[in-house]
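Asker: Here you go, sequence then predicted model.
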Amino acid sequence: MPSNLMSLFDGSKINETVEALNRKAMIIAAHPDDGEFGAAGTATLLTASGWDFQYLVITDGSKGSSDKNVDKNDLGASRLTEQQCAANLLGISKVKPLNHVDGELVADRNLLGEIVREIRKFKPEIIFTHDPESMFSGTGWIHHSDHRVTGQMVIDAVYPAARDILNFPEHSVQGLTTHNVQTIYLWDTEKPNIYIDISDVLDQKISALLSHKSQFPSPKLFAHQSRQMWQDSDGRYREEFRRLDIWA
Ligand SMILES: [Zn+2]
């Protein structure tokens, strides 16, 4: 394991059980490209260390355009293809879309069951997703409602829904067993408590983001600005998360 990943396992319950981990992780993102912004560097480091990752994308991204003439079905199809290309660059082969309509996500029992089903199928030890408590950042940035709904549903899915056999009992009829996720990493958080140095894989993160061609019409400018904005005062690049170790 690279030294810059050791902090993932420092001083917590997960450190004691690392040998027992099945080394599976899941990124659950509201829209195509959210996962790259949030966790592409960390995912690249982990897949290179043998971790098996799966993407779960909740919406179709069909409103991610300022072009009034764009066909939303065409855009949704393009964005799923772009997401698969981005995932491939990170070493992630499987992208599972749930195809909810972009911008219209609501926290309900149906969405919870869909996320629980995917957790019970793949059985990740770690999940990366949005911090649902982030409604504002700074003085003017509003977090998308789909992000908050996704984060809330993922947390509710981890505990207690995916753990308890009496939640969504139809899953057991389908051959799925319950599952305890051990750790959640929340991106876009106001309360970070872990910082992963991604300097060595920054190029992969930017390349993965630029796979979302519909979102970045000026790729060179985006890459240049990203390198400037994301650099810490010591010259390194980090992804920050709020880590929750689940005591279920
Ligand atoms: Zn988004």
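Answerer: Noted; the coordinates are in hand.

Asker: Help me confirm that residue 239 is found in a strand?
Answerer: Yes - counting by DSSP: H, G, I helix; E, B strand; the rest coil, residue 239 is part of a strand.

Asker: if I look at residue 237, how far off is the ion?
Answerer: Going from residue 237 to the ion by Cβ to the ion, to the nearest Å gives 21 Å. C-betas here are computed from N, CA, C, even on glycine.

Asker: which residues does that residue contact?
Answerer: With contact set as Cβ atoms under 8 Å, 6 or more residues apart in numbering, residue 237 has these partners: 41, 197-199, 202, 230-231.

Asker: Mind giving me the ChimeraX select for the residues you listed, buried ones only?
Answerer: Here is the ChimeraX selection string for the buried members of the contacts of residue 237, based on 16 or more other Cβ atoms under 10 Å:
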select :41,197,198,202,230
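
Asker: Out of the contacts of residue 237, which is nearest to residue 87?
Answerer: Of all the contacts of residue 237, residue 87 sits closest to residue 41, with 14.0 Å by Cβ to Cβ.

Asker: Just give the nearest non-adjacent residue to residue 60, would you?
Answerer: residue 76 (3.7 Å; Cβ to Cβ, 6 or more residues apart in numbering).

Asker: and residue 62, what does it touch?
Answerer: 72-73, 75-76, 79, 101-102.

Asker: Now do the phi/psi pair for it.
Answerer: phi -80, psi 0 (degrees, to the nearest 10).

Asker: That one and the ion: what is the separation?
Answerer: Residue 62 is 12 Å from the ion, by Cβ to the ion.

Asker: Same question for residue 187.
Answerer: For residue 187, the distance to the ion - Cβ to the ion - is 11 Å.

Asker: And for residue 180?
Answerer: In terms of Cβ to the ion, residue 180 sits 28 Å off from the ion.
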